[in-house]
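A.B. asks: predicted model and sequence below, questions to follow.
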Amino acid sequence: MAEAIEFIRRVREEFGCKIHVLGVGGYEFIPVLRSLGVDSFDSTSWIHDARFGIVRVGKRAYSVRVRYRGKNPPLPEDFRCDCPACRLFFEDLRKNGVAGLRARALHNAWNLLKFVEEVSRMPPERALRLCRFRLVRRIVLERVVWRRLTASCAGC
Ligand SMILES: [Zn+2]
């Protein structure tokens with residue numbers, strides 16, 4: 001992870017170009033990508049989560065299947081959502097098969113877009129606090145944020 005963070009930092013610093021990160025679009029790393037100044041990324045988490053019966057609300061994961069519940073709490077019975085997907089397929093969220101997969105995938109994709117919008121509006125340092133991995137936060141703070149802050153104070 002430290003190498004990937006350093007690589008992104010160096011590309012940003014040396015080339016100043018737009019950066020797209022392939023396949024690192026999980027909810028824990030989206031705030032990290034924001035704090036690194038990454039311009040875009042792709043993710044399949046929305047459909048992978050749906051396949052395993054997970055419904056996302058913000059970055060929180062809830063399960064609609066007992067079999068895959070694991071560490072995720074069950075989706076509350078009173079859960080409501082007015083996203084475009086749920087307006088069409090809300091009754092299918094808890095179903096098995098293609099109907100359930102479709103409903104969860106579309107809801108999760110919408111939820112992911114809203115999360116990315118929210119994180120994109122945050123200052124990078126604030127976004128970084130959303131990552132629960134302390135080591136990752138520390139690496140980004142030391143190698144990116146601290147450098148950026150000290151560079152802006154170079155003349156004082
Ligand atoms: Zn929804």
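C.D. replies: Sure, I can see it. Source: prediction; values computed, not measured.

A.B. asks: use CA for all of it now, contacts and neighbours both
C.D. replies: OK.

A.B. asks: what helix or strand is the nearest residue to Ala2 once chain neighbours are set aside on?
C.D. replies: Computed as CA to CA, 6 or more residues apart in numbering, the closest residue to Ala2 that is not its neighbour in sequence is Ile139, at 6.5 Å. Taking DSSP states H and E as the criterion, Ile139 maps to helix 134-140.

A.B. asks: in that helix, what counts as buried?
C.D. replies: Val136, Arg137, Ile139, Val140 (16 or more other CA atoms under 10 Å).

A.B. asks: got the contact list for that helix?
C.D. replies: Met1, Ala2, Ile5, Val32, Ser35, Leu36, Leu128, Arg129, Cys131 (CA atoms under 8 Å, 6 or more residues apart in numbering).

A.B. asks: name the nearest of the residues you listed relative to the ion.
C.D. replies: Cys131 (23.3 Å; CA to the ion).

A.B. asks: is it true that that closest one lies in a helix?
C.D. replies: No. Assessed by DSSP: H, G, I helix; E, B strand; the rest coil, Cys131 does not belong to a helix; its assignment is coil.

A.B. asks: I figured it was touching Val32, is that so?
C.D. replies: Yes. Using CA atoms under 8 Å, Cys131 is in contact with Val32, at 6.8 Å.

A.B. asks: which one of those two is surrounded by more residues?
C.D. replies: The residue with more neighbours, out of Cys131 and Val32, is Val32; 24 against 16, by other CA atoms under 10 Å.

A.B. asks: what's the ChimeraX line that selects buried ones from the contacts of helix 134-140?
C.D. replies: The following ChimeraX line selects those of those that are buried, judged by 16+ other CA under 10 Å:
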select :5,32,35,36,128,131
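
A.B. asks: kindly report the domain assignment for this protein.
C.D. replies: Using automatic domain parsing, the domain ranges for the chain come out as 2-43+122-152, 45-116.

A.B. asks: any idea how far Cys17 lies from Ser40?
C.D. replies: According to CA to CA, to the nearest Å, Cys17 and Ser40 sit 12 Å apart.

A.B. asks: please say which of those two ends up with more neighbours.
C.D. replies: Ranked by neighbour count (other CA under 10 Å), Cys17 and Ser40 place Ser40 first, with 14 against 11.
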